[in-house]
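> sequence-free structure coming up:
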C-alpha cells in the first residue's frame, strides 16, 4: 500500500496558476509541477470537499483549470472527528482564530490517517513554530499527525 498524501488547496493553486513573474511563486510552481509529474504516482492522493470548495472560488477559467486537476482524486470526508480536531487546534493556539480552514485541513488529514499533508501554506500549516503545537494536540487526541511538508520536501525534489 502506498503512503497517503492529503493535498491541500495551495498545491492545487500553484499547479493550476498561470506562470508567475515573481521569483518565489515561479519556483514553487515549477517544483509543484515537477512533483505532480514525477512523484505523485508513488503515493495515494486525496483531497477533501474543503479543497474542492476553496479551488472553486475566483476567476472561472482558473476554477476550471483547478477542478480539472482534481476530478479523479478521491475526496476525504469532513467528519465530526476532523471538525473536533480542528476546533482543538484553534483552542490550543496551534492555529490562530480566523484560520479555521487551515485547522480543518489538518483535522481532515489526521482523521483519515494521511501519512503526509502536502501544502505551500507556511503561515499556519507548514510552519516550524506551529508544527510542534499541531503534533502535540493531534497526538493528545489519539491520532498520528501527518508529516506536514511542501512538494519540495516530499519526494526529494530540490535536493540535488
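Looks like it arrived, so ask away. Bear in mind the structure is a predicted one, so any value in this text is a computation, not a measurement. Numbers count the residues shown, from 1 in each chain.
> now the end-to-end length of stretch 70-83.
Start-to-end span of stretch 70-83 (C-alpha to C-alpha, to the nearest Å) is 23 Å.
> ok, and for it, which residues are buried?
Buried positions in stretch 70-83, judged by neighbour count with 16 or more other C-beta atoms under 10 Å: 70, 73, 76, 78, 81-83. In short, each C-beta sits where N, CA and C put it, glycine included.
> ditto for stretch 117-124
117-121, 124.
> Including distance to residue 9 and pLDDT, could the residues you listed go into a markdown table?
Converted to a markdown table, the buried residues of stretch 117-124 look like this (distance: C-beta to C-beta, whole Å; pLDDT from 0 to 100):
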| residue | distance to residue 9 | pLDDT |
| --- | --- | --- |
| 117 | 11 | 98 |
| 118 | 10 | 98 |
| 119 | 8 | 98 |
| 120 | 9 | 97 |
| 121 | 8 | 96 |
| 124 | 12 | 92 |
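> Looking at these, which are in strands?
117-118 (DSSP state E).
> Nearest to residue 35, out of the buried residues of stretch 117-124: which one, please.
Distance to residue 35 across those (C-beta to C-beta) is lowest for residue 118, with 8.2 Å.
> Return the residues in contact with the closest one.
Applying C-beta atoms under 8 Å, 6 or more residues apart in numbering, we find residue 118 in contact with 5-8, 11, 149-151, 154.
> and if you look at residue 65?
residue 16.
> before we move on, which element is it in?
Per DSSP states H and E: residue 65 is located in helix 60-70.
> same question for that helix, mean pLDDT?
On average, the pLDDT along helix 60-70 is 94.
> buried stuff in it?
Under the neighbour-count criterion of 16+ other C-beta under 10 Å, helix 60-70 has 65-66, 69-70 buried.
> now the strands for the protein?
Counting by DSSP E, the strands of the chain are 4-7, 44-48, 75-76, 116-118, 147-149.
> Can you tell me the closest non-neighbouring residue to residue 68?
Counting by C-beta to C-beta, 6 or more residues apart in numbering, residue 68 lies nearest to residue 16, which is 8.0 Å off, once chain neighbours are set aside.
> repeat for residue 79
Nearest non-adjacent residue to residue 79, counting by C-beta to C-beta, 6+ apart: residue 111, 5.4 Å away.
> Next, count neighbours for that neighbour.
Neighbourhood size, residue 111 [other C-beta atoms under 10 Å]: 24.
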